[in-house]
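> I'd like to go over a predicted model; first the sequence, then the structure.
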Amino acid sequence: METKRKPRASPQAEVGLADGGVRTGTQSIERVVGMLRVVASRGRRGMRIADVVDVSGLPMSTCFRMLQRLELEGLVVRDALTRKYHLGPLLYELGLLAQPRYRLADLCEQAMQTIADETQDTVYLSERRGVESICTSRVLGDYPIKALTLDVGIRRPMGVGAGGLAILSALPELEVAQVVECNDARYAKFGTFEPGFVHRAVAETRAQGYAFLDSAATPGTAAVGVAFPPENPTAAISVAAISSRLGPARRAQVAKVIQKQVRIICAQLSSAATASPQSPRRARG
């Protein structure tokens, strides 16, 4: 019977061009979103199609068809000189409409500047996106040697980087296991992330009350991270520096600086949540 067959999806269905059923459509959406995430993973540097194939694990022909269609829709652009793909203008335009609803970076700006002033190192805001974390803001300190391990907009598997590790460690145990399982194949592409490393790092983070990684994803750099809010950890602030600046005593001191500002941010979030139900009434009036 037709319902018992499980044929491989046609190339057209893979890129969302087939007039298939609900399941095919859902798979197509997942693939398109996944492809956009792959292109975004290198930030503003862009990706050649060979890199897209390597990161996505999809066949060259499938990647080529998907990127062609995404380019036609304005979701990606291809640089004629470098032959690299970048996120396209339509995403920027849609982002302008979405931005007012997602203002965590604005809310954290003053706290991050305070942390940068006190530590003199680089401060990052990371936010959870599914099983990944994304850098949504960065503030530079005055120390002459800067740890620029991330650009705004870069996504990484949750657990790679002190911010993502802090968020992961604050989740329930079952959810941690699910995230690690989903990202398992991707962890191997980052430095010292051998099997079991993330689970050990989660245990250490919970024991000391903050995340700490040294030369894990980026050799020669270390970082301290603290997740928030406590009841629903969806973001983290981290401080990155050259490894020699984050020895045991100073990393604990830096963690306290971050924790103090995180408490202030959480209080602001609580106030904003209390005030938000009134906003629609003001808008209608």
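Everything's here; your move. Residues are numbered from 1 along each chain as shown.
> Could you pull out the helices in this protein for me?
Using DSSP state H, the helices of the chain run over residues 11-14, 22-40, 49-56, 60-72, 89-98, 104-119, 162-169, 173-187, 197-208, 248-275, 279-284.
> Just the buried positions in the longest one, please.
If I follow you right, that is helix 248-275. Residues of helix 248-275 classed as buried: 250, 251, 254, 255, 257, 258, 261, 262, 265, 269 (neighbour count, 16 or more other CB atoms under 10 Å). Just so you know, the C-beta spots here come from the backbone N, C-alpha and C atoms, and that holds for glycine as well.
> Run the angle between that helix and helix 162-169 for me.
For helix 248-275 against helix 162-169, the angle by axes from the mean of the first three to the mean of the last three CA atoms, to 10 degrees is 70 degrees.
> pLDDT weak spots in the stretch 151-285 of the chain?
Along the stretch 151-285 of the chain, segments meeting pLDDT under 70 span 272-285.
> so how far is residue 28 from the residue most central in space within the chain?
Central residue of the chain (CA atoms, centre = their mean): residue 134, 1.9 Å from the mean position. To residue 28, residue 134 is 23 Å away according to CB to CB, to the nearest Å.
> Repeat that for residue 233.
Distance, residue 233 to residue 28, by CB to CB: 32 Å.
> These two: who's more crowded?
Neighbour count, other CB atoms under 10 Å: between residue 233 and residue 28, residue 28 has more, with 20 against 17.
> could you measure the more buried one against residue 35, distance?
Taking CB to CB, one finds residue 28 at 11 Å from residue 35.
> How about residue 53?
11 Å.
> Give me the more crowded residue out of these two.
Counted by other CB under 10 Å, residue 53 and residue 35 do not tie: residue 35 has more neighbours, with 24 against 18.
> need the contact list for that one.
If you count contacts by CB atoms under 8 Å, 6 or more residues apart in numbering, residue 35 has them with 52, 56, 63, 66, 67, 70.
> I'd say the second one and residue 36 touch.
What that stands for is residue 56. No. Residue 56 lies out of contact with residue 36 (CB atoms under 8 Å); the separation is 10.8 Å.
> May I have the beta-bridge partners of the closest residue to residue 115 other than its chain neighbours?
In this structure, residue 115 finds its nearest non-sequential neighbour in residue 123, 4.9 Å apart by CB to CB, 6 or more residues apart in numbering. Beta-bridge partners recorded for residue 123 (DSSP bridges): residue 139, residue 239.
> count of neighbours near residue 123?
Quick note: residue 123 (other CB under 10 Å) scores 26 neighbours.
> Next, find the distance separating it from residue 57.
34 Å.
> likewise residue 106?
36 Å.
> With residue 107 instead?
37 Å.
> Next: residue 48.
For residue 48, the distance to residue 57 - CB to CB - is 16 Å.
> Settle this for me: residue 201 is touching residue 211, isn't it.
Yes. Between residue 201 and residue 211 there is a contact at 7.4 Å, judged by CB under 8 Å.
> of these two, who's got more company?
A direct count of neighbours by other CB under 10 Å for residue 201 and residue 211 places residue 211 higher, at 29 against 20.
> what is the more buried one paired to in the beta sheet?
residue 225.
> Pop out the phi and psi values for residue 41.
For residue 41, the backbone dihedrals (degrees, to the nearest 10) come out as phi -70, psi -20.
> Spatially nearest residue to it (excluding sequence neighbours)?
The nearest residue in space to residue 41 (CB to CB, 6+ apart) is residue 155, at 5.6 Å.
> got the contact list for residue 213?
Residue 213 touches 161, 162, 165, 201, 222, 223, counting by CB under 8 Å, 6+ apart.
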